[in-house]
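3D model of this:
(one chain, ligands or ions: 1)
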Amino acid sequence: MKIAVYGASGYQGKLVLAELAHRNIDILLVGRNATRLRGAATTVGIADAGQRVADTDDHGALVAAFRECDAVINCAGPFTSSGHAVVRAAIAAGSHYVDTAGEQLYHKTVFDTFGGDAERAGVTVVPAANDACVPGDLIARLLAERVQPIEEITVSHFIVGGGSSRGSLRSVVETIDVIKAGGLSYDDGDWRTGTPARHASVTLPGASQPTEVMKFPIAEVVTIPRHTQVRHVESLVGAALGARLGTPLTPQIIDSLPEGPTEEDRRTQRFTYLIDAVGRDGRSARGVVHGHDTYGITAVIAVEAARRLVADGAKAGVLAPAQAYDPTSFLNFLATHGVSWTITVSDLPTAQQ
Ligand SMILES: NC(=O)c1ccc[n+]([C@@H]2O[C@H](COP(=O)([O-])OP(=O)(O)OC[C@H]3O[C@@H](n4cnc5c(N)ncnc54)[C@H](OP(=O)(O)O)[C@@H]3O)[C@@H](O)[C@H]2O)c1
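Have a look, this model is predicted:
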């Protein structure tokens, strides 16, 4: 099996390269700058791995590079401006595609634009193969099997410590208007902007007091309704993040920052993702995902997501994680990488890892 990494020279790209090397998977580094690709290969200790230069405006070069591979992992953000070219080339090359994107409207446009092309090419595309969307989407599917019919699903993200990579901050800047407006909600069969959040606070597991939250564009709002009948889906983050978004970020400020969190930052960072489902009969179910090191876990998830598409196969098309993978099997794989998950239905624990 051979996997191409586009944006291989970036912070996330190098973590993905290291994970592929750890899993003994053949690697092709692809990106727009030969020097930076060589540097990344050397840093990761894979100087002999294949390298191809291909800019996003050179469709032919991208396709030629991806044709050598079974799958593409795209780590080149911001995705809103450059992602579509990479998806289009992967499909043309007949290579499966996953990416690490966290840009909600980008995900929506990948589903809207490429479904038919991917089906005709026999290629599977899974956007948002990252630390949050994969476990959140898979757990939403497991909740739906326990609480039916579902009135609403709320996805809430809480991350403590760690910091952001320069690339993540560039994605924030590129999509700041969408972020400030809260992004999409799903209501009665369609995705809409401008819908106020139903929830102003969320009670974290073990907490006695609720935490204030704000609406935030998260990929799971786009993916969950692909496989689960639900009237309303919204996504939230702790309101403290809102205050931080008020601080102006310029490209110059971002360029002056370190490339990304240090090993120590990654080790001490903690994330909690909550997926709350409420049935129309009033029953409720909660999925909880705990872990640390969002970038390290994103590398593990992106590699496993691509590997499973090649090794196990999935339906052709643009798919949500729960359409491409068996939820319990993938979640149990993540548990072996320090990502714990629980599902509780109406306060009765029914599954635990
Ligand atoms: N949960 C999540 O939402 C989540 C988790 C992890 C990562 N991410 C996303 O992953 C992305 C990557 O982050 P990072 O920290 O690795 O960023 P980074 O260090 O800035 O790296 C970006 C990579 O993309 C390439 N690139 C950027 N713009 C390009 C363009 N127009 N054409 C071709 N290549 C381009 C860069 O190539 P050069 O070296 O040539 O500049 C570099 O290889 C970000 O969008 C981040 O938000 C999201």
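
now the residue lying farthest from the centre of the chain, what's its secondary structure?
Largest separation from the mean C-alpha position in the chain: residue 281, at 31.4 Å (Cα atoms, centre = their mean). Classification of residue 281 using DSSP: H, G, I helix; E, B strand; the rest coil returns coil.

how far away is it from residue 229?
Taking Cβ to Cβ, to the nearest Å as the measure, residue 281 falls 14 Å from residue 229. In this view, the C-beta of every residue, glycine as well, is placed from N, C-alpha and C.

tell me the predicted confidence for residue 246.
Predicted confidence (pLDDT) for residue 246: 76.

any idea how many residues pack against it?
7 (other Cβ atoms under 10 Å).

can you check residue 327 too?
By other Cβ under 10 Å, neighbour count at residue 327 equals 22.

that one against residue 138, yeah?
Yes - taking contacts as Cβ atoms under 8 Å, residue 327 lies within contact range of residue 138: 3.9 Å.

domain ranges for the chain?
Following automatic domain parsing, the chain resolves into domains at 2-130+298-327, 133-293+337-352.

chain center to the first one: distance?
Just to be clear, that refers to domain 2-130+298-327. Relative to its chain's centre, domain 2-130+298-327 lies at 12 Å (Cα atoms, centre = their mean, to the nearest Å).

what does the last one give?
Taking Cα atoms, centre = their mean, the mean C-alpha location of domain 133-293+337-352 is offset from the chain mean by 11 Å.

got the residues of the stretch 251-353 of the chain near the ligand?
Contacts of the stretch 251-353 of the chain with the ligand, taken as Cβ under 6 Å from any ligand atom, map to 259-260, 294-295, 298.

now with 5 Å?
For the stretch 251-353 of the chain, the contact set with the ligand under Cβ under 5 Å from any ligand atom comprises residue 298.

what helix or strand does residue 152 sit in?
Counting by DSSP states H and E, the element that carries residue 152 is strand 150-160.

so in that sheet, which strands flank that strand, and in what orientation?
Here strand 150-160 is paired, per DSSP bridges, with strand 230-238 (parallel), strand 270-279 (antiparallel).

does that strand come close to the ligand?
No - contact of strand 150-160 with the ligand (Cβ under 5 Å from any ligand atom) is absent, the minimum separation being 8.6 Å.

hey, C-alpha coordinates of that strand in PDB?
Output in PDB follows, covering the C-alpha atoms of strand 150-160 (Å, rounded to 0.1, in the frame of the first residue of the first chain):
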ATOM      1  CA  ILE A 150     -34.000  11.700  17.300                       C
ATOM      2  CA  GLU A 151     -35.100  15.300  17.800                       C
ATOM      3  CA  GLU A 152     -31.600  16.800  18.200                       C
ATOM      4  CA  ILE A 153     -27.900  16.100  18.400                       C
ATOM      5  CA  THR A 154     -25.500  18.600  19.900                       C
ATOM      6  CA  VAL A 155     -21.800  18.300  19.500                       C
ATOM      7  CA  SER A 156     -19.600  20.300  21.900                       C
ATOM      8  CA  HIS A 157     -15.800  20.600  21.900                       C
ATOM      9  CA  PHE A 158     -13.700  21.500  24.900                       C
ATOM     10  CA  ILE A 159      -9.900  21.600  24.500                       C
ATOM     11  CA  VAL A 160      -7.600  22.600  27.400                       C
END
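
which positions in the stretch 101-250 of the chain make contact with the ligand?
So the stretch 101-250 of the chain meets the ligand at 102, 130, 132, 165-168, 171 (Cβ under 5 Å from any ligand atom).

which one of the residues you listed sits closest to residue 286?
Relative to residue 286, the closest of these is residue 132; by Cβ to Cβ it sits at 16.2 Å.

ok, the closest one - how many residues close by?
Counted with other Cβ under 10 Å, residue 132 comes out at 24.

for stretch 88-104, measure first residue to last.
End-to-end span of stretch 88-104 (Cα to Cα, to the nearest Å): 18 Å.

isn't residue 324 right next to residue 306, touching?
No - between residue 324 and residue 306 there is no contact under Cβ under 8 Å: 10.6 Å.

for these two, indicate the residue with more neighbours.
Neighbours were counted for residue 324 and for residue 306 using other Cβ under 10 Å; residue 306 has more, 30 against 27.

out of the domains of the chain, which gets the lowest mean score?
Among the domains of the chain, domain 133-293+337-352 scores lowest, at a mean of 93.

ok, now which ones touch residue 5?
By Cβ atoms under 8 Å, 6 or more residues apart in numbering, residue 5 lies in contact with 13, 16-17, 20, 27-30, 72-73, 75.

now with 10 Å, please.
For residue 5, the contacting residues are 12-14, 16-17, 19-20, 27-31, 37, 40, 49, 69, 71-76, 302-303, 306, by Cβ atoms under 10 Å, 6 or more residues apart in numbering.

distance check, residue 164 against residue 244.
Residue 164 is 10 Å from residue 244, by Cβ to Cβ.

kindly report the same for residue 146.
Between residue 146 and residue 244 the distance is 36 Å, computed by Cβ to Cβ.

who has more neighbours out of these two?
A direct count of neighbours by other Cβ under 10 Å for residue 146 and residue 244 places residue 146 higher, at 18 against 10.

that's a helix at the more buried one, yeah?
No - with three-state DSSP as the criterion, residue 146 is coil rather than part of a helix.

taking the stretch 251-353 of the chain, what residue is nearest to the ligand?
Here the residue of the stretch 251-353 of the chain nearest the ligand is residue 298; by Cβ to the nearest ligand atom that distance is 4.0 Å.

that residue in helix, strand or coil?
Classification of residue 298 using three-state DSSP returns helix.
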